[in-house]
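Enquirer: structure, please.
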Amino acid sequence: MVRKFLNLVAICVVLVIVGAIALAMWSDKATQIAFVPTAEFVDQQPFEVNAYQDPAMWYSRPGFGAPNDPALWQPPEAAAPVAGAAARAAEAAPAPVAPDGAATPQFAVFFVHPTSYINRNAWNAPLDDPEADTRAKLFIKGMASPFNQAAEIWAPKYRQATFGAFLTDDPAADQAIDAAYRDVSQAFDYFLASIRPDMPIVLAGHSQGAAHLTRLLKERIAGTPLQDRVAMAYLIGWPISVEHDLPVLGLPACATAAQAGCIMDYSSFAEPAEPGLLLERYRTSAGYDGLARGEGGLLCVNPLTGTIGGEADASANLGTLRPNDDLSSGELVPGAVPARCSPRGLLLIGDPPQMGPGVLPGNNFHVYDIPLFWRNLQADVDRRMRAWAAQHP
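Expert: The predicted structure is shown next:
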């Protein structure tokens with residue numbers, strides 16, 4: 001199963017690299033020609049009210065079981081106790097713990113996968129596209145798995161916006177992203193109706209998935225009774241402005257490692273980091289307050305320290321999920337990658353680590369945002385859930 005998983009990684013990252021090279025080397029016009037749909041936007045009619053009752057509308061949900069549920073995948077070392085270099089790391093830089101006596105409560109994860117559809121023939125992915133489906137399962141395996149100690153983990157299928165929708169200011173792009181969000185919001189309704197009404201919730205997603213969850217926080221959760229049930233939000237790989245976005249999301253950024261009910265977000269770059277077009281598009285885009293994000297900083301919560309703007313050397317990294325050279329297997333490697341938040345909000349990871357062919361131009365490790373810190377994220381969600389339980393006796 002590991003070989004099959006990593007072979008899918010190889011396919012996926014090649015496709016991502018093609019897009020990244022275009023972004024780094026071509027003009028904006030050429031990039032649009034390569035990836036932005038030329039067809040008119042086709043309005044995505046809402047699903048039937050009961051659509052998400054169908055198990056086929058989910059990649060992960062209770063009852064699927066391994067190996068049918070990609071979110072339940074684990075690297076071979078994950079079940080073993082932290083030992084060796086990881087144990088020494090824990091002694092060298094112990095993470096704050098939740099209050100004494102707080103047990104890890106049962107909790108439910110709502111995970112939204114990143115963009116897996118790169119076709120320029122449509123603005124939104126059809127649910128039956130086989131390539132997008134295969135990539136989505138791959139992403140869920142690598143990115144939802146740190147959170148699968150949950151009592152329930154749910155990951156919906158949705159008519160995601162195509163890759164090119166994030167490269168243009170064409171009004172059709174906003175329509176496509178809005179349509180994808182409506183699917184996610186509808187799936188969230190069914191998720192809420194299916195879990196216990198007192199069960200704490202963890203929101204987790206990456207890239208486009210994190211974007212939809214950020215909007216869900218703003219429009220559906222902030223300022224409502226549901227906000228108190230959101231024990232943690234991992235909105236990784238999507239830019240959040242500290243000044244123009246964060247104040248309206250209802251939850252604060254994670255200021256301490258033992259804090260519950262907060263937001264973790266970061267974007268990983270090796271050094272020297274050359275984000276280029278990423279920061280330019282961020283600077284000119286409108287925040288949730290309607291103002292241009294400008295030169296304001298990105299939210300950066302360091303996954304090794306659990307704090308805003310934190311810094312830690314590689315000894316604090318309990319395990320990076322790294323494939324071997326021929327992608328025939330993978331392992332959790334402790335002590336491999338440091339992390340520090342830069343003044344502009346990028347998560348810098350030092351010299352480029354050996355992760356495989358998925359590194360994007362400019363030393364952008366976006367593809368590996370979660371695998372770089374797999375074991376720390378696994379420990380992070382457990383620690384924060386215990387903190388939430390202590391606050392909700």
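Enquirer: all helices of the stretch 101-250 of the chain, in order?
Expert: For the stretch 101-250 of the chain, the helices defined by DSSP state H, counting those that start in this stretch cover 130-144, 171-194, 208-216.
Enquirer: need the winner for burial among those.
Expert: Comparing the helices of the stretch 101-250 of the chain by mean neighbour count (mean count of other Cβ atoms under 10 Å), helix 208-216 comes out on top with a mean of 25. For the C-beta atoms, the positions are set from N, CA and C on the backbone; glycine is no exception.
Enquirer: give me the helices and strands touching that one, please.
Expert: Here helix 208-216 touches strand 108-112, helix 171-194, strand 201-206, strand 230-236, going by 3 or more Cβ pairs under 8 Å, 6 or more residues apart in numbering; DSSP states H and E.
Enquirer: mean pLDDT and distance to residue 286 added to those, as CSV?
Expert: Shown next, in CSV, are those (pLDDT from 0 to 100; distance: least, Cβ to Cβ, whole Å):
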stretch, mean pLDDT, distance to residue 286
strand 108-112, 98, 22
helix 171-194, 97, 11
strand 201-206, 98, 21
strand 230-236, 98, 18
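Enquirer: tabulate these (TSV), appending distance to residue 39.
Expert: As requested, the helices and strands packed on helix 208-216 are exported to TSV (distance: least, Cβ to Cβ, whole Å):
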stretch	distance to residue 39
strand 108-112	25
helix 171-194	9
strand 201-206	27
strand 230-236	31
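Enquirer: those: which one's closest to residue 124?
Expert: Ranking the helices and strands packed on helix 208-216 by distance to residue 124, with Cβ to Cβ as the measure, places helix 171-194 first at 5.2 Å.
Enquirer: okay, helices next: where are they in the stretch 251-393 of the chain?
Expert: Counting by DSSP H, counting those that start in this stretch, the helices of the stretch 251-393 of the chain are 277-284, 374-391.
Enquirer: and of the ones you listed, who's closest to residue 108?
Expert: helix 374-391 (10.9 Å).
Enquirer: just the CA coordinates of that closest one, formatted as CSV?
Expert: The C-alpha trace of helix 374-391 is given here as CSV (Å, rounded to 0.1, in the frame of the first residue of the first chain):
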residue,chain,number,x,y,z
TRP,A,374,3.7,15.2,10.3
ARG,A,375,4.6,13.9,13.8
ASN,A,376,4.5,17.4,15.5
LEU,A,377,1.0,18.0,14.0
GLN,A,378,-0.1,14.6,15.4
ALA,A,379,1.1,15.6,18.8
ASP,A,380,-0.3,19.1,18.4
VAL,A,381,-3.9,18.1,17.9
ASP,A,382,-3.8,15.8,20.9
ARG,A,383,-2.4,18.4,23.2
ARG,A,384,-4.9,21.1,22.1
MET,A,385,-7.8,18.7,22.4
ARG,A,386,-6.8,18.0,26.0
ALA,A,387,-6.6,21.7,26.6
TRP,A,388,-10.1,22.1,25.2
ALA,A,389,-11.4,19.3,27.5
ALA,A,390,-9.9,21.0,30.5
GLN,A,391,-11.8,24.2,29.6
